[in-house]
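>>> Build the 3D model from these lines:
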Amino acid sequence: MAGVVVGLGGSLRGTSVREVVREALALGYTEFDTAEVYPRFGQVGPAFADVPRARFRLTSKVDVTIGQRRPLCHSNGSGCAEVVTAAVTEQLAQLQLAHVDTMLLHRPPTCARHERGA
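Numbering: from 1, shown residues only. Modelled structure (predicted):
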């Protein structure tokens, strides 16, 4: 169903991500959305493990504000590009995928403000 995205975050009301993916694909949905800050992010990659990559599109989001786990920038105020690149690489490893179709930034103004030295 073009233009309709199945969200894989938030409450799935007791249903596993795998079950949601199977049902959505059976109904004709092909676009899925996740983010590393979603509680079930770790289940997303395995849910697609035996689905041919051509059958789905996946959007994910990097949150550059994850505090101690991922510093925003280097102490001199630069480095957000490096932080985002590392975060994308980390997400792909967690998802066990070679790529996602779209990668978005959660709260990008925070990173931009640090890049300007504010």
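
>>> Put the alpha carbons of the longest strand anywhere in the chain into CSV.
In the chain, assigned by DSSP state E, the strand with the most residues is strand 57-63. The C-alpha coordinates for strand 57-63 follow below in CSV (Å, rounded to 0.1, in the frame of the first residue of the first chain):
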residue,chain,number,x,y,z
ARG,A,57,11.4,-0.5,2.6
LEU,A,58,12.7,0.5,6.0
THR,A,59,13.0,4.0,7.5
SER,A,60,15.0,4.5,10.7
LYS,A,61,16.0,7.4,12.8
VAL,A,62,19.2,8.4,14.6
ASP,A,63,18.9,10.3,17.9
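
>>> which outside residues touch that strand?
Applying C-beta atoms under 8 Å, 6 or more residues apart in numbering, the contact partners of strand 57-63 are 5, 30-37, 44, 48, 84, 87-88, 91, 95, 97, 100-107. All C-beta spots, glycine's among them, are computed from the backbone N, C-alpha and C.

>>> Between strand 57-63 and the next helix or strand after that strand, find me the angle.
Sequence order places helix 80-95 as the next helix or strand after strand 57-63, per DSSP states H and E. For helix 80-95 against strand 57-63, the angle by axes from the mean of the first three to the mean of the last three C-alpha atoms, to 10 degrees is 130 degrees.

>>> what comes up buried for helix 80-95?
Neighbour counts over helix 80-95 (16 or more other C-beta atoms under 10 Å) mark 80, 83, 84, 87, 91, 92, 95 as buried.
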